[in-house]
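J.: Could you look at this predicted model? Sequence included:
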Number of protein chains: 2
Amino acid sequence: MDWKNKLRNAGYRITDAREQMMDLLINTQTALSPMQIHKALAEQGSQMGLVSVYRNLAVLQENDLVCMVFAPDGSAAYTAGGIGHHHHVLCQRCLNSASFEGCEGFADLIQEIEAQTQFKVQGHLLQFYGLCSECQKNEIHV
Amino acid sequence: MDWKNKLRNAGYRITDAREQMMDLLINTQTALSPMQIHKALAEQGSQMGLVSVYRNLAVLQENDLVCMVFAPDGSAAYTAGGIGHHHHVLCQRCLNSASFEGCEGFADLIQEIEAQTQFKVQGHLLQFYGLCSECQKNEIHV
DNA sequence: ATGCTTATTGAAAAATATTATCAATAAGGA
DNA sequence: TCCTTATTGATAATATTTTTCAATAAGCAT
Ligand SMILES: [Mn+2]
Ligand SMILES: [Mn+2]
Ligand SMILES: [Zn+2]
Ligand SMILES: [Zn+2]
């Protein structure tokens, strides 16, 4: 199901603002901050307020149409997509973002942690940082 | 080496503010936000300004005396300790925090990710969320 | 196509969170 | 005890996120 129907089925309306944001995020490799999203849309002629960017990011995130990731500096950035449980690798230079699945390998680690800490583990936060293929090239000449 | 010498060796001074903050964090199981640290110290008579809390958290973090963790809502919180590479489990109810090592198991996963995404992985962000032993008890009666 | 209902928007302000300035203070070595 | 200078508190400045509210427009029912 495409994102429009997904939103519609959840009772939300398809607005220009949401289309612009989704188009932008879908066509952008790098994760974008709310401010960057606002600026990018303004540059392509949109009048959308920053407030609507925040509001719609919340809506889109609730409906699993965008993912929030943590930039290396700890700030939040957003990227399109995200069906099912998955995680992200972020380029620490350009914020290029890719996703991957396969954190089942945690099962053993979780058991250890639960035994050691007496916690009951229920979820996790996982991201990898590194260099995307583009930035690896540039890195060579440093 | 204790935290005072660690700071001293790095050229920092041992101040009341830093002592108060370290004492508080060392004696607190739960991760605390800058605001919570400020409030807790104020309640025990300290005049320290919130600004100094921020400043000293930065210093203490640089010197590996405190760790920053992400609360379930994405906000930053701080907890004492942290020798060497390690990660944290956070109680999503009370922010109780415990640490663990042992993310070597990532080696395989990283290889897969690098193959799939063409990224060169250089670091990671990992935290587990769950319920601490205390909160597990209370959870039963919900 | 037209009107109706109400979710959504933009503008503005408010609330939070974080950082910068600067004179006064105090840590630590001489 | 004195000196140097890192550190502090007070204040202001930025930056980030949320709230309010009247105007607008999406989508459904005529
Ligand atoms: Mn995703
Ligand atoms: Mn730690
Ligand atoms: Zn890159
Ligand atoms: Zn707990």
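T.: Looks like it arrived, so ask away. Ligands and ions are numbered 1, 2, ... in the order given.
J.: count of residues packed around A:Thr28?
T.: Neighbourhood size, A:Thr28 [other Cβ atoms under 10 Å in any protein chain shown]: 18. For glycine as for every other residue, the C-beta is placed from the backbone atoms N, C-alpha and C.
J.: Report the separation between A:Ser52 and B:Phe100.
T.: According to Cβ to Cβ, to the nearest Å, A:Ser52 stands 41 Å off from B:Phe100.
J.: now swap in A:Leu95 and tell me
T.: Taking Cβ to Cβ, one finds A:Leu95 at 29 Å from B:Phe100.
J.: Between the two, which has more neighbouring residues?
T.: Comparing A:Leu95 with B:Phe100 by other Cβ under 10 Å, the one with more neighbours is A:Leu95, at 20 against 17.
J.: Let me know the pLDDT of the residue lying closest to the more buried one once chain neighbours are set aside.
T.: Nearest-residue entry for A:Leu95: A:Thr30, 4.2 Å, with adjacent residues in sequence omitted and distances by Cβ to Cβ, 6 or more residues apart in numbering or on different chains. At A:Thr30, the pLDDT value in this model is 97.
J.: Just list the residues touching A:Thr30, thanks.
T.: A:79, A:91, A:94-97 (Cβ atoms under 8 Å, 6 or more residues apart in numbering or on different chains).
J.: Can you lay out these as JSON lines showing distance to DNA strand C, pLDDT and secondary structure?
T.: Listed next are these as JSON lines, based on distance: Cβ to the nearest atom of the strand, whole Å; pLDDT from 0 to 100; DSSP: H, G, I helix; E, B strand; the rest coil:
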{"residue": "A:Thr79", "distance to DNA strand C": "19", "pLDDT": "97", "secondary structure": "strand"}
{"residue": "A:Cys91", "distance to DNA strand C": "22", "pLDDT": "97", "secondary structure": "strand"}
{"residue": "A:Cys94", "distance to DNA strand C": "22", "pLDDT": "95", "secondary structure": "coil"}
{"residue": "A:Leu95", "distance to DNA strand C": "18", "pLDDT": "96", "secondary structure": "coil"}
{"residue": "A:Asn96", "distance to DNA strand C": "24", "pLDDT": "97", "secondary structure": "strand"}
{"residue": "A:Ser97", "distance to DNA strand C": "23", "pLDDT": "97", "secondary structure": "strand"}
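J.: returning to what we had before: report the beta-bridge partners for the residue nearest to A:Leu95.
T.: According to DSSP bridges, the partner residues bridging A:Thr30 are A:Asn96.
J.: got the residues of chain A near ligand 1?
T.: Within chain A, the positions lying close to ligand 1 (Cβ under 5 Å from the ion) are A:67, A:81-82, A:99.
J.: In a markdown table: those residues, plus secondary structure, distance to B:Ile110 and pLDDT.
T.: Putting these into a markdown table (DSSP: H, G, I helix; E, B strand; the rest coil; distance: Cβ to Cβ, whole Å; pLDDT from 0 to 100) gives the following:
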| residue | secondary structure | distance to B:Ile110 | pLDDT |
| --- | --- | --- | --- |
| A:Cys67 | strand | 20 | 97 |
| A:Gly81 | coil | 21 | 83 |
| A:Gly82 | coil | 21 | 77 |
| A:Ser99 | strand | 15 | 95 |
